[in-house]
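**Q** okay, predicted coordinates and the sequence, questions at the end:
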Amino acid sequence: MQQSSVEHYAPQRARGSGRLVTKAFDGRTRLDEFFQEGCAKIRLPETFSPEMEAILINTSGGLTGGDVIDWSVAAAASTRLSVATQANEKIYKASSGTASVSTHITVGDNASVHWLPQETILFDRASLSRRLDVDLAESAEFLAVEAVLLGRRAMGEAVANGFFRDRWRVRRNAQLIHAEEMRFEGEIAQMAQAAAVLSGQVAFATLFHTGPLSESMLPKLRECIGNAGGASYWNGKLIARIAAPTGFDLRKILVPAISVLRNGAPVPKVWHI
């Protein structure tokens, strides 16, 4: 009896690339270059202010092993740009491979970029490698917030195993001013129980700010964080770490903390939709 052959096909993977470059014109931040490809989309809502707001969208609805997204943002001299995501980025179980998200941000003289993506949600057995590279001019301001949820407790989700790597490199005038590496691999739930890691919390965030007002923002930022984390200022940069039992608890801290680092300005409207 002749055996029928079975063909095996590699699963389809999401691919996306987006690039945004600003320019100063007539006292406002205007669009200079714009590119989007694949599942990476960028929308620019009207802000009625000199600042430009960009919303990043992953139309694939989430990421899994082998998916790749690259973002590139450049703020020319004397422009102001805020970048947020349309929703939480969901990282699903990976049957094979690792999802990759890379972001490169350039900020010119007297320019400002606020990198404010909404929380990344890791599901059990997710696999994600993420990197953020930032190049700043001498007088540039930069704010970054990255928050991660190990599942959604309200939905009964929990992360037992998986892989998550987060790599940051921030340079001013080509000189490295901040570098950090975060890596969870294997039994994430067990690692998160350690007091030196998360003490059993499942929601955590890092906030980074560098600019002329960084040091003056420290007292108010510490008030917002309270006992949920800590904040320090040194060598021209302000860094805060926050951990909370749920994503909702984390967001209740993040929203006012981000407003402090934005010198009183609210978070982008998509954070409330």
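**A** Thanks, I have it. Fair warning: this is a prediction, and the values are worked out from it, not measured in the lab. Numbering: from 1, shown residues only.

**Q** for the lowest-mean-pLDDT helix or strand in the chain, buried residues please.
**A** Every helix and strand of the chain was ranked by mean pLDDT, DSSP states H and E. The lowest is helix 188-192, at a mean of 91. By 16 or more other Cβ atoms under 10 Å, the buried positions in helix 188-192 come out as 188-189, 192. C-beta: built from backbone N, CA, C; applies to glycine.

**Q** and what of stretch 47-61?
**A** Of all the residues in stretch 47-61, those buried under the rule 16+ other Cβ under 10 Å are 51-58, 60.

**Q** now, which of those residues lie within helices?
**A** Assignment to helices by DSSP state H places none of the buried residues of stretch 47-61 there.

**Q** and residue 89, what does it touch?
**A** For residue 89, the contact set (Cβ atoms under 8 Å, 6 or more residues apart in numbering) comprises 58, 62-63, 101, 117-121.

**Q** kindly recompute the last result at 7 Å.
**A** Taking Cβ atoms under 7 Å, 6 or more residues apart in numbering as the contact definition, residue 89 lies against 58, 63, 120.

**Q** how many neighbours does the last one have?
**A** The burial metric for residue 120, expressed as a neighbour count using other Cβ atoms under 10 Å, is 21.

**Q** ok now do it, which residues does it touch?
**A** Residue 120 touches 88-89, 91, 147-148, counting by Cβ under 7 Å, 6+ apart.

**Q** adding distance to residue 155, write those out as CSV.
**A** What follows is the contacts of residue 120, written out as CSV (distance: Cβ to Cβ, whole Å):
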residue, distance to residue 155
88, 12
89, 16
91, 15
147, 17
148, 16
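
**Q** which of these has the most neighbours?
**A** residue 91 leads the contacts of residue 120 on contacts (other Cβ under 10 Å) with 27 neighbours.

**Q** quick check: that one vs residue 229, distance?
**A** Using Cβ to Cβ, to the nearest Å, residue 91 is found at 23 Å from residue 229.

**Q** flag the shaky bits of the stretch 1-150 of the chain, pLDDT-wise.
**A** 1-10 (pLDDT under 70).

**Q** tell me the contacts of residue 255?
**A** Applying Cβ under 7 Å, 6+ apart to residue 255 gives the contacts 267, 271.

**Q** tell me the secondary structure at it.
**A** helix (DSSP: H, G, I helix; E, B strand; the rest coil).

**Q** so what pLDDT did it get?
**A** At residue 255, the pLDDT value in this model is 96.

**Q** now it: how far from residue 102?
**A** 27 Å.

**Q** likewise for residue 186?
**A** Where residue 102 is concerned, residue 186 sits at a distance of 24 Å (Cβ to Cβ).

**Q** who has more neighbours, these two?
**A** Taking neighbours as other Cβ under 10 Å, residue 186 and residue 102 compare with residue 102 leading, 16 against 11.

**Q** show me the helices in the stretch 151-273 of the chain, by range?
**A** 188-192, 214-225, 247-261 (DSSP state H, counting those that start in this stretch).

**Q** mind listing what's buried along the second one?
**A** It stands for helix 214-225. Residues of helix 214-225 classed as buried by neighbour count (16+ other Cβ under 10 Å): 214, 217-218, 220-222, 224-225.

**Q** so what sits opposite residue 205 in the bridge?
**A** As for beta bridges, residue 205 partners with residue 147, residue 242 under DSSP bridges.

**Q** tell me the contacts of it?
**A** Counting by Cβ under 7 Å, 6+ apart, residue 205 has contacts 145-147, 242, 250, 254.
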